[in-house]
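K.L.:
sequence and computational prediction follow.
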Amino acid sequence: MGCCTGSAFTPAPDAALDPLKRVNYTFGMVLGVDDFRQEHAYLAARDERALRETIGYGVLTGLGVTAPKPAPGEGQQVRVAAGLALMPDGHLVGVPTDQCANLQTWLDAEKARDADTALNETAYVLLRFAEASDSPVPIPGEPCRDESELSADARIVDSFALDFAWAPPNASEDLALRAVVAWIRGIKVRPAAPAGQTLASFQADVDTGLRAAIEAAWGDNLAAPTVPQPAAATPALPTPSSVPALPAPPRQLVIPRAELAAYYAAAFEVWTRLLRSDFMAHHGPVPKAKPTAERALLLAAIDVKPGADGTRAVRMLGRPQLLHLRLLQEWLLRDGSQDAPREAHYLLGKGDPELDHAQDLLADFAARNHAMTRIDIVPDTTDGGSGNKAKLVPAVKWPGGGSGGGPDYYGPGMTQPIPVADGGTGQATGPQTGQLLVGRAAAGPAVPARFELGRLVGAPVPKPSGTTTNIVVDDSSAAPSIRLDTIQDIGPGASPAFASLTLTGDLSVDGDVLVKDSLTVDGTLTLGAPHNSLLATDDTGVVVPARGWDGDEKALAEKSSPPYAYLPGQPAPVRIEDGGTGLQQRPRQLQVLVGVETKAQAVRGEGGDYVLASLVAGKNVSLALTQQRPTETGPGGWRLTVDASGGGEATRVVAAGGAASPANLTAVTDGSLVTIDSVQPLHTAAAPTFAALALTRPPSSEAPDAMLGWRKKDGQLVLTAGAAPAADVTRWPMRYVLKPDELVYRAGDMVLAVLVAGVLDLPDPRKDELGDGHILVLSNVAAERLSVRGVTVGTDGTSLTVARGQSVTLVSAAGLPVPGWLVIGRS
C-alpha cells in the first residue's frame, strides 16, 4: 500500500475458533487440520489474553498520522507512519512501512452512500488486527474439482487493517483507568486517620467514589455515538474536583502516613477485585463481561473541512498509549528527591538540607525573642536563578535594624521616639499646658522637616497691603512659637477703617459721618428739622423730602425733578401705570369702571383709560341695585339684579334631545338662574356608561396587522399594534422561505414554509434564552432537500431530513442533558 489510489488501507478478514479448547493428545489419535488450527487458536488466545490482562493496550511506538497539504488538483492524502501497537483484544499489531490512503476518495464514496455525511466535521483513523494468506502450495485433487481448488495457502501472516470511520471506537476502559488513578491520587495523606475509620470502611468509601468517578468520566462516551461528533484535541484527565456527580463520602477520606502502603493496597484491591471486571472492555472468558469490546485502536482524528490555509488539523493527543516497563523502571529509580518541588520556598521550624530554598524559622527567631516580622523581596540566585523571592525577616525594636539593615518595629520602652516619617511626633517628652506641635521645614539634607513644641504669641508683625485675612500669622521666626496679629489696631483709641459697617443698636457720632457704601440702620433714625416730611432719595443717594403727586407728567419724566409720592388729598389722581384708576370723581348709582382705548393708544400699544359708565336697562331688561341687611342665612350686602322677564314671558333654555331618546342636556331654572348639565360626566377623566357605542373611525396604529382592543391606561378603544396570541385568534404566524439566506430561525417563528433547499440550524434553547415549549412547524413545500440540525433524540443531538411535501413539528427543550428540539409530530 505505497500509493494513494483508493480510500481503503487493507481488508480485515475474520476467524472464529474456540480459544478455550486445546487438543488432548492421545496415543493412536489421528490428527487432522482442525486439530492443528485449534491448538494454534488456544495458544494464540492465551498469549493475547495474558498481554491484554497484565499490560493493557495502546500505541507502543510510532504510528504517527499526518495530513499534508494536497497539491492543486489532488485529493487529501493521509499518511500513517510505521510502528507497533498492542490492541484492545490482545493482538500485537505491527505496521512495517509507512501507509497512505486518499481521504477525499473515501469522503466522496461516503457522500454518495449517504448525503447527510457531508455535514460531519471529523473523520477518525482506526487500526485493527488482520490476517493474510501467503505461499500457495498444491494439494491432492479429486475428480470434477476446479483448478482453483487444487492449491491452498501454506502460511498465514499476522497483518493489520487501517480504516477511516465517522465515529471513534469505544473508549470506556481508557477513561475508567484515568478516572481511577486520578481519584485515588486525590485522597489526602495525613499524619493520622480520622476517628472511626478502618480499612473496611475506607474500602467501602473507595468503592462508592470510584464508581461515581468512572460514570462521570464516561459521560456520553460509554458507547460510540450514533451521530458523529468532532473529537476533542486532548481529553482532560479526570480529577475528583472535575467529577461533579461524585457523591460526598460519609467522612473525609484520609490515608494515615504510617500506613501508606496498606491503604494504597486496599484501594487497588477494590479495583482489581470489584471494579475491573465490570468496567474493562473484555475479550475472552472473563466473568461479568459486558458487550463493550474494543477491537480497534484510535490513531488520530482529522478535520474533514480544510482550514483557511488549505490544511486539515490532525489530533493524536489523547489516544491510548502504553509505556514499556523499562521506561517506567528508570522513571521510578531516578533521583527520588526530585519528586518534591525543591525550587519552592518553604518556612520550616528547622532547616531541611534537601530543600534548598527552605528557611529555618527556629534559628532565625531564637536570637530575636520571636519578635514580629516583615516580608522583604530579595534577589533569588539559588540554583543560578535570576528572579526574586519573598523572605521572612525578623524585626528588632526601634531604633535597631542590625548590621544588615533588617526591619524594626515600635514598642514600649523605645530609646528613640517614633519619627515623623513613620507617623510619629519625633518628641520624647510630653507637652506643657498650651503648647502645640509646630511643623518646621527642612533645613537641608541633614535636618529634615519635623515637629517642635511651641506656643501662640500675640505680637505686632509687619502689615500686609491689599486684601488679606483678618489675622496675620508669622511662622518665619527661628523659634517654634507662632505670632498672631490683627491687620489694624482695634483698641479704644484707634481709628480703624472699614469698607462697610452694620449696626444693630444705636450709633452716636459727635462729628461728621461719611458712608461711602450702603448704610443699614436696625433701630431708630432721627433726622433734623429740614426733613420733617415724607423722605426720599435723589439720583445721587441724598435723602430729600418727597413731593406730593401733582399730575405733572412732564416733570415726572425729568431726572432732575424731585421724587414724587402719592399722598392723601393730592391734586391729581393715582396713575393707571401705578395701579390707580386715573379718575378723581366718585361713581354714581349703577356706574362701573369701563376701559376705553383710542385708536392712537391701540397703535402705540399703551392700553386705554378708565371711564365711569352707567348700566342702562333695555328692552325686556330692568336693573336694580339693592342693599340687604345681614341675616342668619347670609352676610347681606349689595346685590345687582338683572331682570330679563320684561314683564312678559322670559327667554327659556330648551334641553336638546330627540323624541325617541332622553335629552342630552338637562336645563333647570331656579328663578333667574338657569343651570345646564349633561346627563352624566363627559370630560376626559370621566367614566360614562352607554348601552352601546359605535365608532366610525377608531384611533389608528402604525402596525399593518393591528387589532381592535381597549387601551388600559385611559379606557379608549384603539387599534393595538401587537398581534394577539395564537390561542386567542386561532392563527399562527407564517413565514415563507424563498432564498437560501432566509433559511434561519428568527424570534417569533411558528410556521416556516420552505421553497429552497438548504440546512436549517436550530438555536440552543438554553443559550438563546428560548426555554421550553416554543413550537416550530417546518414544511418542505418545494425544496429538493431540506436538513434540520439541532434536533434531540434521547440524550444525543442529531439532524433529520424533511423530504419534499413533508412537514415536521418541533418543540424547544432546554432541560434535557443535550438541549435541543424534540420531534412531536411528522407528516
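P.N.:
Yep, that arrived.
K.L.:
the closest residue to Thr469 other than its chain neighbours: neighbour count?
P.N.:
If you skip the residues right next to it in sequence, Thr469 has Ile487 as its closest partner in space, 7.8 Å away by C-beta to C-beta, 6 or more residues apart in numbering. Glycine gets a C-beta too; all of them are placed from N, C-alpha and C. Around Ile487 sit 13 other residues, with neighbours defined as other C-beta atoms under 10 Å.
K.L.:
is it true that Ile487 touches Val461?
P.N.:
No - with contact defined as C-beta atoms under 8 Å, Ile487 and Val461 do not form a contacting pair (10.1 Å).
K.L.:
what's the overlap in contacts for these two?
P.N.:
The overlap between the contact sets of Ile487 and Val461 (C-beta atoms under 8 Å, 6 or more residues apart in numbering) consists of Val472.
K.L.:
beyond the one helix or strand Arg483 maps to, next helix or strand please.
P.N.:
For Arg483, the element it lies in under DSSP states H and E is strand 482-486. Using DSSP H and E, the helix or strand that follows strand 482-486 towards the C-terminus is strand 502-503.
K.L.:
list the helices and strands that following strand packs on?
P.N.:
When contacts are defined as 3 or more C-beta pairs under 8 Å, 6 or more residues apart in numbering; DSSP states H and E, strand 502-503 packs onto strand 520-521.
K.L.:
partners of the strand holding Arg483, with directions?
P.N.:
Sheet pairing here is set by DSSP bridges, and for strand 482-486 it gives strand 456-458 (parallel), strand 471-474 (antiparallel).
K.L.:
mind listing what's buried along it?
P.N.:
Neighbour counts using 16 or more other C-beta atoms under 10 Å place 482-483, 485-486 of strand 482-486 among the buried residues.
K.L.:
measure stretch 18-30 end to end?
P.N.:
20 Å (C-alpha to C-alpha, to the nearest Å).
K.L.:
could I get the average pLDDT for the longest helix seen in the chain?
P.N.:
Residue-count comparison of every helix in the chain, with assignments taken from DSSP state H, identifies helix 33-54 as the longest. pLDDT averaged over helix 33-54 equals 80, rounded to a whole number.
K.L.:
how distant is that helix from the center of its chain?
P.N.:
Averaging C-alpha coordinates over helix 33-54 and over its chain gives two centres that are 62 Å apart (C-alpha atoms, centre = their mean, to the nearest Å).
K.L.:
check which helices and strands the next helix or strand after that helix is in contact with.
P.N.:
Downstream of helix 33-54, the next assigned helix or strand under DSSP H and E is strand 58-62. Secondary-structure packing of strand 58-62 (3+ C-beta pairs under 8 Å, 6+ apart): strand 83-86, strand 296-303.
K.L.:
and those strands, which one averages the lowest pLDDT?
P.N.:
Mean pLDDT across the helices and strands packed on strand 58-62 is lowest at strand 296-303; the value there is a mean of 85.
K.L.:
pull up the pairing partners for that one, direction included.
P.N.:
Partners of strand 296-303 in the sheet, by DSSP bridges, are strand 122-138 (antiparallel), strand 314-315 (antiparallel).
K.L.:
looking at those, which is closest to Ile775?
P.N.:
strand 122-138 (32.8 Å; C-beta to C-beta).
K.L.:
and the closest one, what's buried?
P.N.:
Within strand 122-138, the residues that qualify as buried are 122-130, 132, counting by 16+ other C-beta under 10 Å.
K.L.:
and stretch 51-67, by the same measure?
P.N.:
Within stretch 51-67, the residues that qualify as buried are 51-52, 56-60, 63, 65, 67, counting by 16+ other C-beta under 10 Å.
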